[in-house]
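>>> one predicted model, sequence on top.
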Amino acid sequence: AQTPVKVTVTGAAGQIGYALLFRIASGQLLGADVPVTLSLLEVPQAVKAAEGTAMELDDCAFPLLRGIEIADDPNVAFDGANVALLVGAMPRKAGMERGDLLEANGGIFGPQGKAINDHAADDIRVLVVGNPANTNALIAQQHAPDVPAERFTAMTRLDHNRALSQLAAKLGVPVTEIKKMTIWGNHSATQYPDLFHTEIGGKIAAEQVDESWLRDTFIPTVAKRGAAIIDARGASSAASAANAAIDHVHDWVNGTEWTSAAIVSDGSYGVPEGLISSFPVASRGGRWEIIQGLEIDAFSRERIDASVRELEEERDAVRKLGLI
Ligand code: NAI
């Protein structure tokens, strides 16, 4: 029998965790023939709630689910992990400065990175969902010197999927008709959804919409969608975030010709080496590759640079705080 893949989920008792765990256990993360064990990491006060979720997972009798562990210690939760979904994070509270937010998250993602370094399986793949996702991923990666840097990624797939859906609605086409969508930069309001390489029926998307729609409607709608969901739902996006996490890992493991993911920069497209920034990527043989050779016009350059500048500022701030 095939050895189960161990998937560790942090923040397992949270909203995204609740939307995510059942889909992993049903085979949507890795494939319908891959058995999994789940490892749930929570803070001590939420372990009981995680136990409740585990009871429900049991009650689904998922054929692929071979075991569930619950821990409040990252050294235990990441032991032997093949996939780590880092969802739990410190949310920004009213009046919190960026430095405070980065510091609180450094206290989470530093130790988790070290625990991954010391205990995870050799093929560990990490996706950071918890915000600020790119910089949290950088902090974890910097605490895991023995793990190849490319195994640490952050999620911009939700932004990618939002961009697909907005464009599909605008043009009245199914999302499946849209190819080569790209999100650049930080998973934040500065992110840049790029339609200059996106194709519908072989034609460039940017040429099929008004420039004013692209600039004044599309880009801000995608970038601010998270806030719009909070406003409407009274809670932040959870099922769509879980869905994007599933898409990201599924494509990483099984391959794709083109999507968006925040991965460690090799200096491509002028993004400083080492930053974890969103790029157009393909996945082959279980590895992300940045799609090369795209021409970047002045409109895009300005927006990519602004988002990358924000990532550099976040990196400099966590350096100054001694978090990396
Ligand atoms: P939530 O507040 O419902 O759940 C977070 C859970 O994390 C809580 O159960 C909490 O106890 C747990 N947690 C906190 N610190 C932890 C630690 N050190 N170890 C283990 N668990 C810990 O939040 P929700 O809605 O599930 O969102 C989680 C994160 O995902 C937030 O940071 C949110 O901003 C982010 N997010 C990211 C998106 C993206 O596109 N990258 C999209 C949507 C949300």
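Yes, it's here.

>>> ok, now which ones touch residue 219?
192, 193, 303 (Cβ atoms under 8 Å, 6 or more residues apart in numbering). Every residue, glycine included, has its C-beta placed from N, CA and C.

>>> and the helices in the stretch 151-300 of the chain?
157-171, 211-212, 219-223, 225-233, 239-254, 298-320 (DSSP state H, counting those that start in this stretch).

>>> got the residues of the stretch 151-300 of the chain near the ligand?
155, 158, 187, 236, 237, 238, 241 (Cβ under 6 Å from any ligand atom).

>>> right, and residue 297 touches residue 196 too?
Yes. Between residue 297 and residue 196 there is a contact under Cβ atoms under 8 Å: 6.3 Å.

>>> so between those two, which is more surrounded?
Ranked by neighbour count (other Cβ atoms under 10 Å), residue 297 and residue 196 place residue 196 first, with 17 against 10.

>>> which residue is it, in this protein, that comes closest to the ligand?
residue 14 (1.9 Å; Cβ to the nearest ligand atom).

>>> right, so of the helices of the stretch 151-300 of the chain, which gets closest to residue 43?
Each of the helices of the stretch 151-300 of the chain has some distance to residue 43 by Cβ to Cβ; the shortest is helix 239-254, at 19.5 Å.

>>> buried set for that closest one?
For helix 239-254, burial by neighbour count (16 or more other Cβ atoms under 10 Å) applies to 240-253.

>>> repeat that for stretch 23-39.
For stretch 23-39, by 16+ other Cβ under 10 Å, it's 24, 25, 26, 27, 28, 29, 30, 35, 36, 37, 38, 39.

>>> pull the contacting residues for the fifth one.
Read that as residue 28. 246, 250.

>>> and the last one, by the same measure?
Listed by Cβ under 8 Å, 6+ apart, the contact set of residue 39 reads 6, 7, 8, 9, 68, 69, 70, 71, 77, 78, 79, 81.

>>> check what pLDDT the nearest residue in space to the fourth one that is not next to it in sequence gets.
The shortest distance from residue 9 to any residue other than its chain neighbours is 4.8 Å, reached at residue 85 (Cβ to Cβ, 6 or more residues apart in numbering). In the prediction, the pLDDT value recorded for residue 85 is 99.
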